[in-house]
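Undergrad: A structural model of the following input is requested.
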Amino acid sequence: MAGEVVKRLLDAKMIETPSAEALTPRIRAAMQDEVGIEDRLNEEVREILTKYADEMRRNRRFLSGNV
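TA: Alright, predicted model coming up:
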């Protein structure tokens, strides 16, 4: 995928580089970093939702009048 990103950026003349082959691993590493950040954030959100799930269910019943 990183190779395709580099190719499209070069084809669109959005970037210039002396070596697409040297740029591709750097793009791949940046993409992996972003995916890692997203995975950690998703895990944190899951933990928070799990922690407050019972409270949210109680509030939903209260708000709907089914106490």
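Undergrad: helices or strands next to the lowest-mean-pLDDT helix or strand in the chain in the packing?
TA: Within the chain, no helix or strand scores below helix 20-64, which has a mean of 90 by mean pLDDT, DSSP states H and E. Helices and strands touching helix 20-64, by 3 or more C-beta pairs under 8 Å, 6 or more residues apart in numbering; DSSP states H and E, are helix 2-11. C-beta coordinates here come from the backbone N, C-alpha and C atoms, glycine included.
Undergrad: Which elements pack onto the helix it packs on?
TA: Right, helix 2-11 is packed against helix 20-64 by 3+ C-beta pairs under 8 Å, 6+ apart.
Undergrad: and the helix it packs on, how far out from the chain's middle?
TA: 7 Å (C-alpha atoms, centre = their mean, to the nearest Å).
Undergrad: Same check on stretch 18-26?
TA: With C-alpha atoms, centre = their mean, you get 23 Å for stretch 18-26.
Undergrad: List the contacts of that stretch.
TA: Outside of stretch 18-26, the residues within contact range by C-beta atoms under 8 Å, 6 or more residues apart in numbering are 2-3, 6-7, 10, 17.
Undergrad: Now with 6 Å, please.
TA: 2-3, 6, 17 (C-beta atoms under 6 Å, 6 or more residues apart in numbering).
Undergrad: In that stretch, which residues are buried?
TA: 23-24 (16 or more other C-beta atoms under 10 Å).
Undergrad: Alpha carbons of that stretch, as CSV, please.
TA: The C-alpha trace of stretch 18-26 is given here as CSV (Å, rounded to 0.1, in the frame of the first residue of the first chain):
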residue,chain,number,x,y,z
PRO,A,18,15.2,11.2,-5.9
SER,A,19,14.2,7.6,-5.0
ALA,A,20,10.7,6.3,-4.7
GLU,A,21,12.2,3.0,-3.5
ALA,A,22,13.8,4.8,-0.5
LEU,A,23,10.7,6.7,0.3
THR,A,24,8.4,3.7,0.3
PRO,A,25,9.7,2.1,3.6
ARG,A,26,9.4,5.5,5.3
